[in-house]
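Student: Build me a structure from this.
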Amino acid sequence: MNLMRPHWLCIAILTTSTALLAQSPYPQASPFPQPGAGQGQYPQGQYPQGQYPQAQYPQAEYPQQSQAPQANAGPVDEPGRAVARLGIMNGEVSVRRGDSSDWQPAAVNAPLMSGDQISVSAGGRAEVQLDSAHFLRIAGDTELRLADLDNGHYQVQISHGMVTWRVLRQTQIAAEVDTPLVGVHPGPQSVVRVEVDADGTSHITVRHGEADVSTEKGSEKVAENATMDVRGSMTDPEFQLVAAAARDEWDGWSDQRDTYLLRAQSQRYVTSDVSGVEDLDPYGHWVYDPAYGWVWAPTVAASWAPYQNGQWVWEDYYGWTWVDYAPWGWAPFHYGYWYQRAGFGWAWYPGPRIGHVWWRPAMVGFFGWGGGGIGFGVGFGFANIGWIPLAPHEVFRPWYGRGGFGAGAVLNAGVVRNANIIGTFRNASVAGGVTAVSAADFQRGNFRNTVAVDRATLSQASLVRGTVPMTPTSQNLRFSNRTASVQNPRLAASAGNQRFYGSTAAAFSSARRTPFVQQQSAVRSAVSGSAAQSSMAAPGRMQSQGVGANPSWQRFEGSPAGNGANASRGVNNAPQGGASPATRQFQVSPQIIRQRSDAAPAAAPAQGGGYNSAPAVRSAPAPAQRSAPAGGATRSSGSHSSGGGRH
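Tutor: Take a look at the predicted model:
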């Protein structure tokens, strides 16, 4: 009898495991969204309205078949600077790049880097995806700056308005939202709402999880369903903890976004390094190709081809970067490869699921032909420039590199004359695989006026290896032909005077951004054969021991303890592009400041909630109820017992 027990034990374990696997955190009714009946139109349906699952990436084996990397495949694949995606944009949204002083109209799929500022007009909203786990949702009448995306953590400075920071999945990257008074650190898988009034008064509401709120003198943990109001000066602020206001329409929209993202199935087919794949579900379907494994086929017109419905923009460090107009046009144009699949048309192969996958400005090869190009330098240039999407396992040859296009960079403007373009790129022989425009149109940002390319032209064209011989113009900084909406002189007097609490080292990350005029000079030197050679330029714990003038308000006291042992924190002026770290300041765009007025609590949304219980982080008297900010309403003063130290 004893000899049989291990056998029955194995059967019991197997049965239990099978039952657990059947309980998938993702909906199982439709594993692959089917393409719609219409061709060429993107579905316009609403986001799912049900409660979202509190799930991670599926733990079962991924269906993607791993493939070993090719030996001697070309340049070493290495990470570049961090790039975020503007994934949602409603209303007027503008971007002030860290390497330029001008505000530009934003566009969906616009790449964002450290030092960029974002302004959302009243009535608008936007969502920035920093990776597969972190999402920054920006309400109308808000202005902020992406202070740092590169140093192993994300730091944002909000000048005024309201944002929600969502940590959707498990991640090793920490986040920080700085206001003029405090630094806010969202906890794991949290939902943290931060509001900043015109006078800098800050309101931090934790809808899910927890958050640390830090000043120079210490930090305090804010639990789920609580709000911390902070007022006063940066050197001596005071705070009170109150009950969070009832959930409003903004919270409901944020929850709907979570539902949409967590129910997406496309994340199962790519590595977690690949961001933006959640938008693939409504616009195509995954199919199995024995040659590559699972690939994604978009629901598009038969005449569609990749890298045609969009434009090239110039980005600091990366140079020429593709911005696609499709709402799903992020992941398939910055990761992986395209190829023609019999019976399905164009398909996107995300690549092998081994090792790290780095973001790239575009997965294409460039070529050119004809003489007399403009703006390239002395005696060098093309009259026409073309590009071809890379097919699976073709070598990606970066046209950017260490040091980027700033002064001091030594760039390689290699060109292979009369190259075998058709023999180099498989997609050169496929209908729609080759796209080209004149050099003049390229520099003007006009990519609709394409130039026909035949086999004879390809046989005489030159292959670009290294820096693309095309000097950018100010037109190549634009994501859209619209006009930026920043027209209110009321804030002009305060422009350049904004200061924020935060990590000093991270706050000046954008000092690495090179002014656009220097980038132009570097490219001109590279393509003319003479590269430019010049120089380029921890939150602590708030020991709630003191009491402010109002018994419900407390002083921040104690010594700060940063995220790291040697974290350097303090007051910093937000840098502008092209200035030195010592003189850079936050330039506030002329937006309308939200007018706050008393309002009744908003009703909780019917759907979109479903948060898990928060861990017990603080033992304190029950906070007073706080009125909901309906349309930016003024908050009630709640009450809190004095001397509420940490337990």
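Student: helix, strand or coil for Ala526?
Tutor: The three-state assignment at Ala526 reads helix, by DSSP: H, G, I helix; E, B strand; the rest coil.
Student: Tell me if I'm right that it and Thr467 touch.
Tutor: Yes: in this structure, Ala526 is within contact of Thr467 by C-beta atoms under 8 Å, at 4.8 Å. Backbone N, C-alpha and C define where each C-beta goes, glycine included.
Student: And the pLDDT at His356?
Tutor: Here, the pLDDT recorded for His356 equals 83.
Student: For it, which residues are in contact?
Tutor: By C-beta atoms under 8 Å, 6 or more residues apart in numbering, His356 lies in contact with Pro79, Thr271, Asp273.
Student: which one among these gets closest to Glu210?
Tutor: Using C-beta to C-beta, the shortest approach to Glu210 within the contacts of His356 belongs to Asp273, at 27.2 Å.
Student: Mind telling me what element the nearest residue to that closest one once chain neighbours are set aside is part of?
Tutor: Spatial nearest neighbour of Asp273, excluding adjacent residues (C-beta to C-beta, 6 or more residues apart in numbering): Val357 at 4.2 Å. Assigned by DSSP states H and E, Val357 belongs to no helix or strand.
Student: re earlier: can you flag the buried ones in the contacts of His356?
Tutor: Thr271, Asp273 (16 or more other C-beta atoms under 10 Å).
Student: want to throw the contacts of His356 into a markdown table with pLDDT?
Tutor: Formatted as a markdown table, the contacts of His356 follow (pLDDT from 0 to 100):
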| residue | pLDDT |
| --- | --- |
| Pro79 | 79 |
| Thr271 | 91 |
| Asp273 | 91 |
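Student: Would you mind measuring from Thr473 to Gly368?
Tutor: Here the criterion is C-beta to C-beta, to the nearest Å. By it, Thr473 lies 17 Å from Gly368.
Student: can you check Tyr288 too?
Tutor: Distance of Tyr288 to Gly368, computed by C-beta to C-beta: 38 Å.
Student: One more: Ala342?
Tutor: Look at Ala342 and Gly368: by C-beta to C-beta, they are 31 Å apart.
Student: higher neighbour count, those two?
Tutor: With neighbours defined as other C-beta atoms under 10 Å, Ala342 and Gly368 compare such that Gly368 has more, 25 against 6.
Student: Ile385 is in contact with the more buried one, correct?
Tutor: Yes: under the criterion of C-beta under 8 Å, Gly368 makes contact with Ile385 at 4.8 Å.
Student: intersection of neighbour lists for those two?
Tutor: Common neighbours of Gly368 and Ile385 (criterion: C-beta under 8 Å, 6+ apart): Ala439.
Student: Count the neighbours of Arg482 for me.
Tutor: For Arg482, the count of nearby residues is 14 (other C-beta under 10 Å).
Student: Now name the helix or strand holding it.
Tutor: Using DSSP H and E, Arg482 maps to neither a helix nor a strand.
Student: isn't it right up against Pro105?
Tutor: Yes: between Arg482 and Pro105 a contact is recorded at 3.9 Å, counting by C-beta under 8 Å.
Student: Do you have the helices of the stretch 151-300 of the chain handy? List them.
Tutor: 249-263 (DSSP state H, counting those that start in this stretch).
Student: which residues of it score low on pLDDT?
Tutor: Along the stretch 151-300 of the chain, no part satisfies pLDDT under 70.
Student: Recalculate using a threshold of 90.
Tutor: Where the stretch 151-300 of the chain drops to pLDDT under 90, the residues are 151-153, 172, 215-219, 232-236, 272.
Student: I'd like the contacts of His356 written out as TSV, with distance to Gln554 added.
Tutor: Below are the contacts of His356 laid out as TSV (distance: C-beta to C-beta, whole Å):
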residue	distance to Gln554
Pro79	43
Thr271	46
Asp273	43
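Student: Could I get the CA-only coordinates of the host helix or strand of Gly386 as PDB?
Tutor: Taking DSSP H and E as the criterion, Gly386 maps to strand 384-389. Extracted in PDB, the C-alpha atoms of strand 384-389 (Å, rounded to 0.1, in the frame of the first residue of the first chain):
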ATOM      1  CA  ASN A 384      16.100  60.900 -53.700                       C
ATOM      2  CA  ILE A 385      16.000  58.800 -50.500                       C
ATOM      3  CA  GLY A 386      14.100  55.500 -50.000                       C
ATOM      4  CA  TRP A 387      13.600  52.900 -47.300                       C
ATOM      5  CA  ILE A 388      12.600  49.200 -47.100                       C
ATOM      6  CA  PRO A 389      11.300  47.300 -44.100                       C
END
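Student: Start the count at 569 instead of 1 going forward.
Tutor: Yes, from this point I'll number from 569; that puts the last item at strand 952-957.
Student: name the helices or strands packed onto that strand?
Tutor: When contacts are defined as 3 or more C-beta pairs under 8 Å, 6 or more residues apart in numbering; DSSP states H and E, strand 952-957 packs onto strand 932-937, strand 1003-1006, helix 1007-1012.
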